[in-house]
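*Asks:* just to be clear, the model below is a prediction. Sequence and coordinates:
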Amino acid sequence: MYNPSAFVVDDLPQLHQQILATRLAILVTDGEQGLQASHIPLLLDAEQGPNGTLYGHLAKANPQWQELQNGADVMVIFAGADAYVSPGFYPSKAEHGKVVPTWNYVAVHAYGQAEVFSDAHRLRNLVSALTDRHEATRAKPWKVDDAPADYIDGMLKAIVGFALPIQRLEGKRKLSQNRNAADIAGVREGLAASADAQDQALAHLMVKE
């Protein structure tokens, strides 16, 4: 991705933090069938490999898994908070008027090639881990074992799992770092005053920057 030096994030724990914070990633492949993309939840094993390993699954009816099996190049997009930045947020607008709208956002791209698997035991462990992660905050978490065993066995036959060792990571935090201190403060205050939750989330990230 286009990533000017002011916005580059190369700290591995910070990159992993954004991966973990993204509930639904975008899996993109470039293979024999051309570009394909799926929106899926993923698990990160930060300890496996120099950059970590991602785990997920696709429906067998989704032809993208075949591209994974054939060794297609993979890019996974983890999008964070984003917000429209109005020129009206900049104090410099009143000084010279030489300002235009932009967009602030956080994103991480992971690259690699995947290993595909269909072993029932391994798939069950993956589905259980994904379920436990996203059910953890519920008062009465649902577990895979709550469903009839034969039903789960049938559902597992309809999916294909994959492991994606991350070969390369790119991170970007575009938080107005290219503006002067007054303009940065203006953007932060403007977004914080918004009723939109994403605007407020972006303003919070600017406070931490």
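*Replies:* Alright, I've got the coordinates.

*Asks:* mind naming the longest strand for the chain?
*Replies:* The residue-count maximum for a strand in the chain (DSSP state E) belongs to strand 73-85.

*Asks:* quick check: mean pLDDT of it?
*Replies:* Per-region confidence: strand 73-85 scores 97 on mean pLDDT.

*Asks:* centre-most residue in this protein?
*Replies:* The centroid of the chain falls nearest to residue 78 when counting by Cα atoms, centre = their mean (1.7 Å).

*Asks:* my guess is it meets residue 110, correct?
*Replies:* Yes. Between residue 78 and residue 110 there is a contact under Cβ atoms under 8 Å: 7.2 Å. Using the backbone N, CA and C atoms, a C-beta is placed for each residue, glycine as well.

*Asks:* top helix in the protein by residue count?
*Replies:* Looking across the chain with DSSP state H, the single longest helix is helix 120-135.

*Asks:* contact partners of it?
*Replies:* 23, 41, 43, 55-57, 117, 141-145, 152-153, 156-157, 159, 161 (Cβ atoms under 8 Å, 6 or more residues apart in numbering).

*Asks:* can you flag which of the residues you listed belong to helices?
*Replies:* Judged by DSSP H, these include 152-153, 156 as members of helices.

*Asks:* possible to save the residues you listed as a markdown table with distance to residue 132 and pLDDT?
*Replies:* Shown next, in a markdown table, are the ones in helices among the contacts of helix 120-135 (distance: Cβ to Cβ, whole Å; pLDDT from 0 to 100):
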| residue | distance to residue 132 | pLDDT |
| --- | --- | --- |
| 152 | 14 | 95 |
| 153 | 19 | 95 |
| 156 | 16 | 97 |
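
*Asks:* okay, and the helix or strand of the protein with the least pLDDT?
*Replies:* Least confident helix or strand, the chain: helix 92-96 with a mean of 76, by mean pLDDT, DSSP states H and E.

*Asks:* list the buried residues for stretch 10-21?
*Replies:* For stretch 10-21, burial by neighbour count (16 or more other Cβ atoms under 10 Å) applies to 15-19.

*Asks:* closest to residue 201 out of those?
*Replies:* Closest approach between the buried residues of stretch 10-21 and residue 201, by Cβ to Cβ: residue 18, at 12.4 Å.

*Asks:* and the closest residue to the closest one other than its chain neighbours, how many neighbours?
*Replies:* What sits nearest to residue 18 in space, not counting adjacent residues and going by Cβ to Cβ, 6 or more residues apart in numbering, is residue 108, at 4.6 Å. Residue 108 is flanked by 25 other residues according to other Cβ atoms under 10 Å.
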